[in-house]
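Student: Quick check, what structure comes out for this input:
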Amino acid sequence: MLSRPSECVALTNFFLQRKEIDPAKLVNSRQDFDHQEMTKRYRTREQSQAAWQIQALCQANEGLLLPADVSINRAIQLAKQYRQTDIEAASLMIKAKLALAQQEPAQAATLLADAGRQLTDKSPRHLQESLALLQASTLLHQHKSDEARLAFEQIRRQAQENNQPVQQAWANYLLADYYQRLQQDELALSHYIETLNLLGKRQQFYLKAMAAEQAANINADLGAGDQAIHYANMATSEFELLGNPSLLISSLLNLGRVTRTGSHDASLALVYFFNALDLAKTLADADHVAQLYLEIGHSYRVLQVYSEAQHYLSLARAGFERSQNMPRQIDTLLQLGQLYVAQEEHSLALTEFEQALALAKQLNDVPRLIECHRLLAQFFEYSDQPAQALAHHKAYHGYYAQASQLNRMLTQSLVQDSDQQLQQERELAGLQQNNQQIQQEKQHFATLAVSLSLVVPLLLYGWLRNQIRSRRLQQHNLELQHSLLLESRTGLPNWRQLMHRLPQEMAKSQLRSEQWYLNEAEAQPFNDKIYYLLLHVPFMVDLSERLGLMHATALQKELGTYLQGRIHPEARLYDLREGQFMYVISQRQVNSLQHTITSLERMFAEFPSPFRLDQRLAIGIIGHPFLPREPRALDDMRLGDILYLAMAAAHQLADQTGEKAWVELLAVDCQQAAFFHGDIRHCCIQAILKGLVKVNSSHKKQHIDWHALAPELVMPI
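Tutor: The predicted model follows:
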């Protein structure tokens with residue numbers, strides 16, 4: 001019902017196509033085969049009513065409130081026809097939920113009163129509990145705040161006494177909604193957090209997600225950025241477990257906003273927005289797509305990437321115009337105006353601000369009128385037009401005062417005496433609890449005092465000893481971690497450090513590639529790769545056998561120190577053992593790849609050594625992203641396979657010529673990610689032979705026998 005409501009509606013429709021069977025005509029239970037066959041073609045009365053109830057809930061979750069009302073009316077009609085009072089009460093409660101969703105609390109109260117008359121002492125307990133919660137919620141919708149609060153408090157106490165944490169959690173959640181209506185954010189926040197604590201690890205994904213999202217929003221309003229991000233992440237995780245993609249998109253939207261405002265990290269917010277955009281495009285959810293374009297444009301404006309900001313804000317504006325969503329059009333126009341101000345295009349900025357103001361006046365949207373006048377006042381101040389700025393400042397303060405007065409009028413009747421009543425009730429409950437605790441403490445106080453006098457010195461000694469030992473272990477752990485990331489022979493970073501950094505480095509490169517690909521105005525090829533050069537140094541393979549352990553160890557230390565002083569300051573060199581080194585450098589630092597290769601060959605050739613060394617390097621080269629238009633098609637392991645294939649080809653050339661050799665593999669600029677599904681080495685060789693992967697080398701590339709480099713299987717894997 002919550003994850004895939006449309007599929008739920010289809011399933012109930014399919015089930016309701018079966019014929020309804022009369023209970024008097026049911027076959028004898030001993031005829032097992034006939035009974036099983038009959039249940040596949042017919043439905044019972046109880047199943048029919050349950051199917052109509054489920055269909056109504058699924059239609060409501062899909063936003064189809066009128067068809068949902070038709071379905072639940074059918075369930076009520078059948079329950080009355082068959083005189084099944086409990087089922088009729090459950091159906092009436094569902095119809096009351098629909099009435100609340102349509103902002104009709106009076107109708108909901110009437111329906112719940114009818115449902116209460118249908119229930120008896122023998123009715124299932126969960127129906128009575130649900131009825132109590134719905135009646136309290138209806139009181140809240142009718143603005144009977146004090147009655148609603150007392151009802152919620154009573155439900156919460158009963159649930160606590162009966163050890164019903166889920167019922168108590170719902171009461172807490174609705175109480176938090178009550179306090180939010182009173183604008184008592186801190187009380188609301190405490191109830192949302194208490195709701196999450198009560199649910200713990202229970203699989204109540206929807207309630208946990210809603211409570212976490214509300215806690216995130218309140219923390220953001222209170223300026224607690226870290227807490228807001230924590231709860232927004234929790235809400236997204238729960239919505240993901242729930243499985244409803246539309247709710248997950250909304251949660252990712254909220255997480256991105258909270259991240260951008262709470263931690264001022266617009267780059268991380270963009271990651272969340274783009275993830276949500278992929279989901280929204282898959283669902284063809286035009287409304288969410290337009291909202292995401294607005295948030296992405298806002299984030300790029302904060303990051304001062306103005307071309308991207310203008311692109312996405314223009315897309316958002318077009319989307320909101322198509323859907324005639326005027327409030328969001330105003331938000332987009334205000335963002336575009338601020339963008340043009342930052343770009344010093346004042347005439348365009350003024351046009352956007354004035355258009356936003358006209359739309360806000362048309363809607364009489366006071367909060368957006370306040371924002372329009374605030375931005376226009378700032379604009380005219382910067383433009384040295386004090387008269388215009390003063391006019392907008394006056395309008396800004398006028399609308400602000402109007403909103404404040406309206407807010408006070410709406411909340412005055414709700415807030416009156418609520419603080420005093422709440423304080424009295426909490427003090428009474430606290431006094432009762434303190435009385436019980438004092439009685440227990442009197443019995444144990446003497447024993448506890450004697451025990452503490454004996455235990456405290458031991459605890460203090462143990463704490464000091466553990467502190468010293470913990471600091472020593474932490475220092476040792478840091479040293480060990482540092483040593484694990486360095487090759488002991490040369491002192492260069494080793495394969496562990498490479499594998500620790502490679503996924504993060506690839507992720508950043510993938511993001512840059514995706515931004516390049518999404519920029520439709522970008523005509524030039526992708527030029528922000530990271531080059532990975534895999535070097536095979538022959539003299540390092542059998543150094544200990546040829547020179548002896550002492551000379552080999554000294555030579556390797558000298559080589560590590562020498563290489564660290566010779567490499568490009570923006571490059572990194574890793575010692576992978578067995579004579580293999582990985583050289584990593586950004587394309588932005590490479591004027592010519594041939595010049596970089598020559599520098600590496602010269603660097604090893606000029607290494608001063610009293611011994612004769614074989615310095616014929618074999619180098620395999622690739623760039624990442626290997627497929628710029630599909631950067632996520634290859635992970636670090638598959639990319640490593642392609643790099644080793646390039647070095648194997650370089651080895652082949654070196655063996656043929658007796659000279660140093662290098663081979664670069666470069667994918668042509670087209671979308672061929674599907675061609676690389678399967679064994680990556682075979683796929684890459686086939687891509688080379690078909691011309692999808694270009695080969696550059698130090699010698700004639702026609703001399704490379706690619707078939708010889710394919711692995712031969714002795715037995716099937």
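
Student: Now do the contacts for Gly200.
Tutor: Pro165 (CB atoms under 8 Å, 6 or more residues apart in numbering). Every C-beta, even on glycine, is put in place using the N, C-alpha and C of the backbone.

Student: measure it to Val166 for me?
Tutor: 11 Å (CB to CB, to the nearest Å).

Student: any residues in contact with both of these two?
Tutor: What both Gly200 and Val166 touch, as defined by CB under 8 Å, 6+ apart, is an empty set.

Student: Tell me which residue lies farthest from the centre of the chain.
Tutor: Pro610 (58.3 Å; CA atoms, centre = their mean).

Student: Now do stretch 65-82: everything it contacts.
Tutor: By CB under 8 Å, 6+ apart, stretch 65-82 touches 45, 48-49, 52-53, 55-57, 59-60, 85, 87-88, 91-92, 94-95, 98, 101-102.

Student: Likewise for stretch 299-310?
Tutor: 256, 260, 266-267, 269-270, 273, 296-298, 312-313, 335-336, 338-339, 342-343, 515, 519, 521.

Student: buried residues in stretch 115-124?
Tutor: Within stretch 115-124, the residues that qualify as buried are 115, 118-119, counting by 16 or more other CB atoms under 10 Å.

Student: Low-confidence regions, the stretch 301-450 of the chain specifically.
Tutor: In the predicted model of the stretch 301-450 of the chain, residues 403-432 satisfy pLDDT under 70.

Student: all helices of it, in order?
Tutor: 306-323, 326-342, 346-363, 366-382, 386-415, 418-484 (DSSP state H, counting those that start in this stretch).

Student: Now do the fourth one: everything it contacts.
Tutor: The list of residues contacting helix 366-382 from outside it, by CB under 8 Å, 6+ apart, reads 327, 330-331, 334, 337-338, 341, 346, 349-350, 353-354, 356-357, 360-361, 386, 388-389, 392-393, 395-396, 399-400, 402-403, 406.

Student: Only whichever of the residues you listed are buried, select them in PyMOL.
Tutor: In PyMOL, this line selects whichever of those come out buried by 16+ other CB under 10 Å:
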select buried, resi 330+331+334+337+338+341+349+350+353+356+357+360+389+392+393+395+396+399+400
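
Student: separation between the closest residue to Ala169 other than its chain neighbours and Met540?
Tutor: Once flanking residues are discounted, Ala169 sits nearest to Leu198: 4.3 Å by CB to CB, 6 or more residues apart in numbering. According to CB to CB, Leu198 and Met540 sit 62 Å apart.

Student: pretty sure Arg202 contacts Gln168?
Tutor: No: judged on CB atoms under 8 Å, Arg202 makes no contact with Gln168 at a distance of 11.8 Å.

Student: which of these two has more neighbours?
Tutor: Gln168 (22 against 12; other CB atoms under 10 Å).

Student: So, low pLDDT: which residues of the stretch 151-300 of the chain?
Tutor: Using pLDDT under 70, the stretch 151-300 of the chain has no residue that qualifies.

Student: Output the contacting helices and strands for the helix or strand Leu134 falls within.
Tutor: According to DSSP states H and E, Leu134 maps onto helix 125-141. On a contact count with 3 or more CB pairs under 8 Å, 6 or more residues apart in numbering; DSSP states H and E, helix 125-141 meets helix 85-101, helix 105-118, helix 145-161, helix 165-181.

Student: Reformat those as CSV; add distance to His482.
Tutor: Below are the helices and strands packed on helix 125-141 laid out as CSV (distance: least, CB to CB, whole Å):
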stretch, distance to His482
helix 85-101, 59
helix 105-118, 65
helix 145-161, 52
helix 165-181, 47
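
Student: Mind checking these for the one nearest to Ser130?
Tutor: In terms of CB to CB, the element of the helices and strands packed on helix 125-141 nearest to Ser130 is helix 85-101, at 6.0 Å.

Student: Give me the buried positions along that closest one.
Tutor: 85-100.

Student: Contacts only, for Arg489.
Tutor: 553, 556-557, 560, 575.

Student: rewinding a little: now for the residue nearest to Ala169: which residues touch it?
Tutor: Leu198 touches 165-166, 168-169, 172, counting by CB under 8 Å, 6+ apart.

Student: Who wins on neighbours among these?
Tutor: Within the contacts of Leu198, most neighbours by other CB under 10 Å means Asn172, with 27 neighbours.

Student: and the spatially closest residue to that one that is not a sequence neighbour, how many neighbours?
Tutor: Distances taken as CB to CB, 6+ apart place Thr195 nearest to Asn172, at 4.4 Å, with adjacent residues excluded. Neighbour count of Thr195, defined by other CB under 10 Å: 27.

Student: what's the spacing between Thr195 and Ala215?
Tutor: Relative to Ala215, Thr195 is positioned 9 Å away (criterion: CB to CB).

Student: for Asp384, same thing?
Tutor: 45 Å.

Student: What ranges in the stretch 1-150 of the chain fall below the confidence cut-off?
Tutor: For the stretch 1-150 of the chain, the ranges with pLDDT under 70 are 21-43.

Student: run the last query once more with 90
Tutor: Confidence mapping of the stretch 1-150 of the chain against pLDDT under 90 gives the ranges 1-10, 12-53, 55-150.

Student: Secondary structure element for Leu535, which one?
Tutor: Here Leu535 is assigned to strand 530-536, by DSSP H and E.

Student: before we move on, back to that, compare neighbour counts for Asp384 and Ala215 and give me the winner.
Tutor: Ala215 (27 against 7).

Student: what kind of secondary structure is that one in?
Tutor: Taking DSSP: H, G, I helix; E, B strand; the rest coil as the rule, one finds Ala215 in the helix state.

Student: Which SSE is immediately downstream of the one helix or strand Arg602 maps to?
Tutor: Arg602 is located in helix 593-605, with elements delineated by DSSP H and E. Later in the chain than helix 593-605, the nearest helix or strand by DSSP H and E is strand 618-624.

Student: other SSEs contacting the next helix or strand after that following strand?
Tutor: Using DSSP H and E, the next helix or strand after strand 618-624 towards the C-terminus is helix 636-657. For helix 636-657, the packing partners by 3+ CB pairs under 8 Å, 6+ apart come out as helix 495-518, strand 530-536, strand 618-624, strand 661-667, helix 680-690, strand 693-697.

Student: Columns mean pLDDT, distance to Phe380 and mean neighbour count on top of these, output as TSV?
Tutor: Formatted as TSV, those follow (pLDDT from 0 to 100; distance: least, CB to CB, whole Å; neighbours: other CB atoms under 10 Å):
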stretch	mean pLDDT	distance to Phe380	mean neighbour count
helix 495-518	76	35	16
strand 530-536	92	48	23
strand 618-624	91	50	25
strand 661-667	91	54	24
helix 680-690	87	60	17
strand 693-697	91	58	18
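
Student: My guess is Ser383 contacts Glu344. True?
Tutor: No: the criterion here is CB under 8 Å, and Ser383 misses it with Glu344 at 10.8 Å.
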